[in-house]
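[1] I need the structure of the sequence given here:
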Amino acid sequence: MKKICPNCGKEVAPEEKYCPFCHFNLVNNDETMVTVNIGLLGLKNNASTKKDEEKIQSEKKESDAKPEKKKQPEKAVSKSNEDKKQKIEKNEIIPSPLPPKKKPTPLPKSKKKKFHFKWSILIEIVVAVIAILVMVGTNYYSCKAQIGRIEIGLKNGEVNNVVTNGKVPLTAKNLTPLKEYYKNNPAAYKKLKKSLMGKNNLPIKLIKQGHYFLFFPRYVVQLPTYELNVVNDYHHSTVTVNGMKFVKKQKVFPGAYNIEAKSSYLGQTAKFKKTVNVWKDQTAEVNLNAKTIKVQGMPNGKLYLIGKLDKKGNLVLEDVPLTKPFSMYVAKKQKGKLVKTKQVKDVPAVIKGSKNVAVLKLDWQQSKNVGKLLEDNFNYPNSKDFIGGSKNKSYVELRTLVSNWRNSPNLTKYHANITVNNKSLNDIRYSVEFNFAFNKNGKRYKRVQVMKFRSASARSTSKGLKIKTIGGGRIVSSK
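    Residues are numbered from 1 along each chain as shown. Model (predicted):
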């Protein structure tokens, strides 16, 4: 005999208490039926089936009354199954019809709990998030934290969190001098933070300006502006400040400013460099190695490769760089011949030590200098040494003066010594020392008289240097 599970309808072994397929309880269940395989035999008449059913029911009651036997080994079970098959084949056992299947009692379903949204949880989450954001923001936007970021920004030349009370455009380029100042002065950079915290009284101030997210105060630094004045009195020169052309006066932010000046003239170049730390209105003066030179020579003469002298024989060269030696001389044609002055080979060395305007006198190349020429004629006047010869007024005056002295009855000796005080041929200034020796009534005595002359002039000619006029003189001493 085999069991049929009333729940799933599958065949199970008779000794099974629970269905191995659906786990239905096969013990103490009225719906449990014992049947045989009816697929091999046809059904007999109804009368025989009823007897068989009664016999099966009586056997079932007896089996239920008896105590449950122990499970037989698999071999014994297989033998009983084979015997039953043989009996069914011999029509000794007629299987009873299957009872109608009843629906198994379903297990009680577990009720699913409905989810109810709780606003209190959402509010708690929002409050927690806001609290975290406030904590983070309070730390990030604290005054100390903002000062740290501002300090680094100023060192890097950033314009964030920077305002100004002046008219200077707030750009990274204009903040470069401040960046360079803190880069080259670590001690000043350390003082900056103390100043922003209010511990030092530096010009850079920390002020409040608005809020972050309408809650956290925003701090910025306020930069002052100063006036930088660069004084440059040199011609032929250009001035730059931090690489940009600079006007005389300009408003700037505090910081380090590199001032450079360059002058190029007559093939000479002079340069000037200076770094100025601006923390107040400041004036910087350009100092180039250059000087104004006043060349004195023959009227209307030509200064070689440079220019022409005026009617008085002067030529002013403004702010000539004196960085390396250079030479000068004046040339002029007279009666078809080119006459040159002595060449000054190292002009910077000659005018060294002179202040403001340096005077460079270029004398003509003559066999006799003007001092010797004047001295000879004050002792023995010679018309050939004067322009115009014997008709020259200065010659006539000098000849009359000297002849009167020499013809004096008591004069025994006469001599004139001349000292020239300058080298200009247009305005010769000189001193004449007259030495007289007298013998009166057997008594000998000497007399010395000194006169100073000015506005004398001489000219270089093809025949040599000649006097144009001896100028006017006055007695300065007489002994």
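
[2] element containing residue 146, please.
    Per DSSP states H and E, residue 146 falls inside helix 143-155.

[3] which residues sit against that helix?
    139, 160-162, 175, 178-179, 182-183, 189, 192-193, 196-197, 204, 206, 217-221 (C-beta atoms under 8 Å, 6 or more residues apart in numbering). In short, each C-beta sits where N, CA and C put it, glycine included.

[4] same thing but 7 Å
    139, 160-161, 178-179, 182, 189, 192-193, 196-197, 206, 219, 221 (C-beta atoms under 7 Å, 6 or more residues apart in numbering).

[5] of these, closest to residue 212?
    Nearest to residue 212 out of the contacts of helix 143-155 is residue 219 (C-beta to C-beta; 10.0 Å).

[6] next, give phi and psi for the closest one.
    Backbone dihedrals for residue 219, given as degrees, to the nearest 10, come out at phi -110, psi 140.

[7] which element follows the helix holding residue 146 toward the C-terminus?
    Per DSSP H and E, the helix or strand that comes after helix 143-155 is strand 162-164.

[8] returning to that earlier point: filter the contacts of helix 143-155 down to the buried ones and express that as a ChimeraX selection.
    Listed next is the ChimeraX selection for buried residues among these, using 16 or more other C-beta atoms under 10 Å:
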select :161,178,179,182,192,196,206,219,221
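
[9] contact partners for residue 331?
    With C-beta under 7 Å, 6+ apart, residue 331 has these contacts: 301, 302, 304, 338, 339, 340.

[10] surely the second one meets residue 313?
    No - using C-beta atoms under 7 Å, residue 302 is not in contact with residue 313, being 11.5 Å away.

[11] more neighbours, those two?
    Set residue 302 next to residue 313 and count neighbours by other C-beta atoms under 10 Å: residue 313 wins out with 22 against 18.

[12] could you save the contacts of helix 143-155 as a markdown table and add columns showing distance to residue 400, secondary structure and pLDDT?
    Shown next, in a markdown table, are the contacts of helix 143-155 (distance: C-beta to C-beta, whole Å; DSSP: H, G, I helix; E, B strand; the rest coil; pLDDT from 0 to 100):
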| residue | distance to residue 400 | secondary structure | pLDDT |
| --- | --- | --- | --- |
| 139 | 110 | helix | 89 |
| 160 | 95 | coil | 83 |
| 161 | 95 | coil | 84 |
| 178 | 82 | helix | 90 |
| 179 | 84 | helix | 89 |
| 182 | 85 | helix | 88 |
| 189 | 87 | helix | 85 |
| 192 | 88 | helix | 82 |
| 193 | 93 | helix | 77 |
| 196 | 93 | helix | 81 |
| 197 | 96 | coil | 79 |
| 206 | 93 | strand | 86 |
| 219 | 98 | strand | 89 |
| 221 | 90 | strand | 87 |
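
[13] okay, the contacts of helix 143-155 in CSV with distance to residue 453 next?
    Shown next, in CSV, are these (distance: C-beta to C-beta, whole Å):
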residue, distance to residue 453
139, 94
160, 79
161, 79
178, 66
179, 68
182, 69
189, 71
192, 72
193, 77
196, 76
197, 79
206, 77
219, 82
221, 74
